[in-house]
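[1] Using only what follows, build the 3D model:
(chains A and B)
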Amino acid sequence: GESVGLHLPTLSVQEGDNSIINCAYSNSASDYFIWYKQESGKGPQFIIDIRSNMDKRQGQRVTVLLNKTVKHLSLQIAATQPGDSAVYFCAEGSNDYKLSFGAGTTVTVRA
Amino acid sequence: KAGVTQTPRYLIKTRGQQVTLSCSPISGHRSVSWYQQTPGQGLQFLFEYFSETQRNKGNFPGRFSGRQFSNSRSEMNVSTLELGDSALYLCASGGSSADTQYFGPGTRLTVL
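    Okay, the predicted model is just below:
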């Protein structure tokens, strides 16, 4: 079965607020983790990744946190915008050339 | 730099038929992976190719097959289509370690 899962299937956020999307994983041997955003009718879009030897990585308006002790990954989106409405997936990978995905969290931004 | 391209974007087939989907990776990328996305099962790994060699394969029946050409373009084939094969088929390209993978828009396959 899948080794990656998300805590909540849906998240509603007020425009301008910060969003936090959570993900739990079970494979402690995972080397890297990736967050993807998928809009309706499109393929997953790469947002940010983090390797297992890091605990934090920042991008433009996004921050990924990795807590290996509790096998938890989170994606923080600052100042959420209507264009951030989408399904967000976390994925984990190791040295076997494949990604395992969680079920996804649907983020809805309220105006 | 152009992204991952997939053709066709939409396909309608009937049970028992076979289908071939095509994927062109990002220029310079030699790894191509295929995933199946359905509402019930989510994103599931099919297989990964690098330099024309399959390096890993997911838990799908033998009706699902793939190949990669010397120019890194890849095709996947599904034979004897079943209703349950209706899905979005996604292709992703990456570097040699296939860690960060970039996805194409997908091919929406409907089996009637």
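[2] residues in contact with stretch B:9-27?
    B:1-8, B:31-32, B:34, B:72-83, B:89, B:91, B:93, B:102, B:104-112 (Cβ atoms under 8 Å, 6 or more residues apart in numbering or on different chains). For every residue, glycine as well, the C-beta is placed using N, CA and C.
[3] Would you map the strands across chain B?
    B:5-7, B:10-13, B:19-24, B:31-38, B:42-50, B:53-57, B:64-68, B:74-78, B:87-94, B:102-103, B:107-111 (DSSP state E).
[4] Sorry, wrong one. I was asking about chain A.
    Remark: strands assigned in chain A by DSSP E are A:4-6, A:10-14, A:19-25, A:32-38, A:45-51, A:56-58, A:62-67, A:72-77, A:86-93, A:99-101, A:105-110.
[5] Just give me the lowest mean pLDDT stretch among the ones you listed.
    Ranked by mean pLDDT, the strands of chain A end with strand A:4-6 at the bottom, a mean of 52.
[6] State whether B:Val32 and B:Asn71 are indeed in contact, as I suppose.
    No: counting by Cβ atoms under 8 Å, B:Asn71 is not a contact partner of B:Val32; they are 11.0 Å apart.
[7] hmm, back to that, can you tell me which of the strands of chain A is most buried?
    With neighbours taken as mean count of other Cβ atoms under 10 Å in any protein chain shown, the strands of chain A reach their highest mean count in strand A:99-101, at a mean of 26.
[8] beta partners for the closest residue to B:Gln37 other than its chain neighbours?
    The shortest distance from B:Gln37 to any non-neighbouring residue, by Cβ to Cβ, 6 or more residues apart in numbering or on different chains, is to B:Leu88 (4.3 Å). Applying DSSP bridges to B:Leu88 gives these bridge partners: B:Gln37, B:Arg108.
[9] Residue numbers of chain B in contact with chain A?
    Residues of chain B that fall close to chain A, judged by Cβ under 8 Å from any Cβ of the partner chain: B:4, B:31, B:33, B:35, B:42-45, B:48, B:50, B:55-56, B:58, B:90, B:92, B:97-106.
[10] change it to 7 Å
    Taking Cβ under 7 Å from any Cβ of the partner chain as the contact definition, chain B meets chain A at B:33, B:42-43, B:45, B:48, B:55-56, B:58, B:90, B:98-106.
[11] Would you mind telling me which of the strands of chain B is nearest A:Tyr36?
    strand B:102-103 (7.4 Å; Cβ to Cβ).
[12] Given that closest one, what are its sheet partners and their directions?
    Using DSSP bridges, the strands paired with strand B:102-103 are strand B:87-94 (antiparallel).
[13] I'd like the mean pLDDT over the strand it pairs with, please.
    97.
[14] buried ones in it?
    With burial defined by 16 or more other Cβ atoms under 10 Å in any protein chain shown, the residues of strand B:87-94 counted as buried are B:87-94.
[15] so which of the strands of chain B comes closest to A:Tyr88?
    Closest among those, using Cβ to Cβ: strand B:42-50, at 12.4 Å.
[16] ends of stretch A:23-41, how far apart?
    This stretch, stretch A:23-41, spans 23 Å end to end (Cα to Cα, to the nearest Å).
[17] Dead centre of chain B: give me the residue that sits there.
    The centroid of chain B falls nearest to B:Trp34 when counting by Cα atoms, centre = their mean (3.4 Å).
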